[in-house]
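Enquirer: Build me a structure from this.
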Amino acid sequence: MPSGYYGLRSLRYLHCFVSLRNGFAALHSRAKKTLYYGMFITTVVGLIFSVVTQFCSEWLVGLFTKDSDVIVYGGQYLRSYVFDCIFAGFQFCFSGFFTAYRKSILSFIHNVISVFTTRIPLCYLATIKYPENLFPMGMAAPLGSLLSTIICLIFFVIFFRKMKEDCFT
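Expert: Sure thing, here's the model as predicted:
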């Protein structure tokens, strides 16, 4: 599954490059289409990985170890963590889009908020409340990415509202 994650990251870099070309050329509608297509592609890929992993998570972990405890706990974790492939695609595409418009600070902001308000606290709580099961801990990543996606949507709406105001004043 790590290779799937890196595949999504590669799509992000491709998306960033295409967005940069359109953003710098002031082709805003094309840049938005690039964002939407990037989100669609990464969501479909993320959904496929998520469904497949539900059925073969222990087998995937078993590719890297023969320790039965690691395989069981790794499978629990992977079955929940894999949903991050769906939501991470959104935030990767948004980050590439914001970078294209020289607003990369927005990517930093949503990631910091996500890490310190969702990912770290939920992992900590999961280790206390569910010490014998790693599935809840794995949910921290997709929930953090979901929060990042919501923050990015807010930034996106504000960004384009401001862009329209600047164009017509």
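
Enquirer: For this structure, which segments count as strands?
Expert: All residues of the chain lie outside strands when identified by DSSP state E.

Enquirer: any weak-confidence spans in it?
Expert: The chain contains residues with pLDDT under 70 at 1-27, 163-169.

Enquirer: At the geometric centre of it, which residue do we find?
Expert: residue 88 (0.9 Å; Cα atoms, centre = their mean).

Enquirer: correct me, but that one touches residue 46?
Expert: Yes. With contacts counted by Cβ atoms under 8 Å, residue 88 reaches residue 46, the gap being 7.3 Å. The C-beta positions use only the backbone N, C-alpha and C, and glycine is treated the same way.

Enquirer: Any idea how many residues pack against residue 41?
Expert: 16 (other Cβ atoms under 10 Å).

Enquirer: Give me the distance between residue 99 and residue 72.
Expert: Distance of residue 99 to residue 72, computed by Cβ to Cβ, to the nearest Å: 40 Å.

Enquirer: rewinding a little: do you know how far the residue nearest to the centre of the chain is from residue 29?
Expert: Taking Cβ to Cβ as the measure, residue 88 falls 26 Å from residue 29.

Enquirer: Likewise for residue 72?
Expert: Noted for residue 72: a distance of 50 Å to residue 29, by Cβ to Cβ.

Enquirer: If you count surrounding residues, which of these two has more?
Expert: Just comparing residue 72 and residue 29: by other Cβ under 10 Å the higher neighbour count belongs to residue 72, 15 against 8.

Enquirer: For the more buried one, give me its contacts.
Expert: Residues near residue 72 by Cβ atoms under 8 Å, 6 or more residues apart in numbering: residue 58.
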